[in-house]
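Asks: any chance you can model this:
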Amino acid sequence: MSGTGLFTSRKAVCFVYVLAMFMASLDGTIVYVALPTIGQEFGVSSADLSGITVWYLVGVAAILPIAGWLAGRFGGKRIFLSALTLFTIASIVCGLSQTVFMLSVARFIQGLGGGLLAPIGMAMIFRTFSVEERPRVSRSLVLPIAVAPALGPIVGGIIVEYISWQWIFFINIPIGIAALLIGVKYLTEHKEAEPAKMDWTGFILIVAGFPLLMFSLTQVSSRGWDAPEILICGMTGLVLVISFIKYALNKNKPIMDLQLLYEPTFRKLSILSFFAVGGLQGLLFLFPVMYQQAVGATAFESGLTVFIEAIGLMAASKLMPWTLKKWACIMLSY
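Replies: Numbers count the residues shown, from 1 in each chain. Coordinates of the predicted model:
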């Protein structure tokens, strides 16, 4: 790889990756403190706003399984820059949305773009740096990416309090454009000589089943199970998800290898991660809403309270390598 001027290709990969992940990570937490304000403007309850956060995660989950195939088939640089473009455009649509439905759809599209950034960006990092260089590079990349979720509630509170909630999405525009311009000029393309075969059946089952199921679960609190669209979407989504599970367990090289869950360590870590992430995301969503609506706090004040938790997450991430070594030594001594 070569490069001249301000960036070399190696530096550009790191810089573009940090910009992209900073933008996506910031977007993951900045929206929480704005939910009460958005609800007031659209005239809807907090329950109706859950889709704004859930549909972003649905988009991420839907696109993640094919990230590797897309990069191998069409090129890592092309897909990464396309994901950046999609995320940036979706951010503009989010800020211009006039209804909760339109905002939820835009958030889903944001998730599709955001879900491609991390795996493809990390693959670019791994191809650019040797095995010996990766630990040092990874440590230098963690901090700016970890800072973004911590800054999200604070930045979101300031924007909502002193500007308007639309700018929690418009703030992504300059970051996305900067990353795109640098990426177009300095990143190099990489394609697999023989891309893996795509499991289209599994992909269709996931992309159709998971969003339908999540739509019913996010809307049932406000519409009830008696609503025909909730019942039909929920049952259809559940059938498709169960069908995928059965399909993946009996398929050779499915889009998502569920047979990994038979491995005890992987299964235990997956269950722990499920509850940990579920608890964290639930708290980040509910607490700012409750603090503003029940206590009467401002968006900025609720952002400050969530910011403290984000600092704890950052501290834990820095302590994790040290504690892991200590626990490994203790376990090996027995």
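Asks: can you pull out the low-pLDDT segments for the stretch 1-150 of the chain?
Replies: 1-8, 46-47, 139-140, 142-146 (pLDDT under 70).
Asks: just the helices in it please.
Replies: 9-30, 35-42, 50-63, 67-74, 76-96, 100-128, 134-162 (DSSP state H, counting those that start in this stretch).
Asks: could you export those as CSV, including distance to L212 and mean neighbour count?
Replies: All C-beta spots, glycine's among them, are computed from the backbone N, C-alpha and C. Converted to CSV, the helices of the stretch 1-150 of the chain look like this (distance: least, CB to CB, whole Å; neighbours: other CB atoms under 10 Å):
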stretch, distance to L212, mean neighbour count
helix 9-30, 23, 23
helix 35-42, 24, 19
helix 50-63, 10, 22
helix 67-74, 22, 19
helix 76-96, 21, 21
helix 100-128, 13, 21
helix 134-162, 29, 18
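Asks: how about those helices, which one is nearest L180?
Replies: helix 76-96 (5.4 Å; CB to CB).
Asks: re earlier: can you redo the helices of the stretch 1-150 of the chain as TSV with distance to R223?
Replies: Listed next are the helices of the stretch 1-150 of the chain as TSV, based on distance: least, CB to CB, whole Å:
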stretch	distance to R223
helix 9-30	27
helix 35-42	16
helix 50-63	12
helix 67-74	33
helix 76-96	23
helix 100-128	13
helix 134-162	28
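Asks: of these, which is nearest I182?
Replies: Closest among the helices of the stretch 1-150 of the chain, using CB to CB: helix 9-30, at 5.4 Å.
Asks: L261 is in contact with R267, isn't it?
Replies: Yes - between L261 and R267 there is a contact under CB atoms under 8 Å: 4.8 Å.
Asks: can you tell me the element V277 falls in?
Replies: V277 is part of helix 264-294, with elements assigned from DSSP states H and E.
Asks: packing partners for that helix?
Replies: Helix 264-294 makes packing contacts with helix 35-42, helix 50-63, helix 299-333 when contacts are defined by 3 or more CB pairs under 8 Å, 6 or more residues apart in numbering; DSSP states H and E.
Asks: now those in TSV, with distance to A71?
Replies: TSV is the format used below for these (distance: least, CB to CB, whole Å):
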stretch	distance to A71
helix 35-42	34
helix 50-63	12
helix 299-333	26
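Asks: tell me which of the ones you listed sits nearest to E132.
Replies: For the helices and strands packed on helix 264-294, proximity to E132 was assessed by CB to CB; helix 299-333 is nearest, at 17.0 Å.
Asks: show me where pLDDT drops low in the stretch 151-300 of the chain?
Replies: Looking at the stretch 151-300 of the chain by pLDDT under 70, you get 192-193, 195.
Asks: distance check, V131 against V137.
Replies: 11 Å (CB to CB, to the nearest Å).
Asks: for W200, same thing?
Replies: 35 Å.
Asks: try V155
Replies: V155 is 27 Å from V137, by CB to CB.
Asks: give me every residue that touches the spatially closest residue to Y17 that is not a sequence neighbour.
Replies: Counting by CB to CB, 6 or more residues apart in numbering, G121 is the residue found nearest to Y17 once chain neighbours are left out, at 4.3 Å. By CB atoms under 8 Å, 6 or more residues apart in numbering, the contact list for G121 reads 16-17, 20-21, 80.
Asks: same check, this time on V277
Replies: V277 neighbours (CB under 8 Å, 6+ apart): none.
Asks: next one: A12
Replies: 3, 182-183, 185-187.
Asks: then I38?
Replies: For I38, counting by CB under 8 Å, 6+ apart, the contacting residues are 49, 52, 100, 103, 165.
Asks: can you do 10 Å?
Replies: 31, 44, 46, 48-49, 52, 97, 100, 103, 160, 165-166, 168 (CB atoms under 10 Å, 6 or more residues apart in numbering).
Asks: in CSV: these, plus distance to A316.
Replies: Putting the contacts of I38 into CSV (distance: CB to CB, whole Å) gives the following:
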residue, distance to A316
V31, 23
V44, 35
S46, 29
D48, 33
L49, 29
I52, 27
S97, 35
V100, 34
L103, 32
V160, 28
W165, 30
Q166, 33
I168, 26
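Asks: most widely separated two among the residues you listed?
Replies: S46 and Q166 (19.3 Å).
Asks: from F244, how far off is Q259?
Replies: Q259 is 13 Å from F244, by CB to CB.
Asks: who has more neighbours out of the two?
Replies: F244 (24 against 13; other CB atoms under 10 Å).
Asks: wait, the more buried one touches A208, no?
Replies: Yes - if you go by CB atoms under 10 Å, F244 and A208 touch, sitting 9.3 Å apart.
Asks: pull out the buried residues from the contacts of A12.
Replies: 3, 182-183, 186-187 (16 or more other CB atoms under 10 Å).
Asks: can you pick out the most distant pair from those?
Replies: Using CB to CB, these reach their maximum pairwise distance at G3 and G183, which is 12.1 Å.
Asks: residues shared between the contacts of the two?
Replies: With CB under 10 Å, 6+ apart, G3 and G183 have common neighbours 12-13.
Asks: chain neighbours aside, what residue packs nearest to V16?
Replies: Leaving out its chain neighbours, the residue that sits closest to V16 by CB to CB, 6+ apart is G183, at 4.6 Å.
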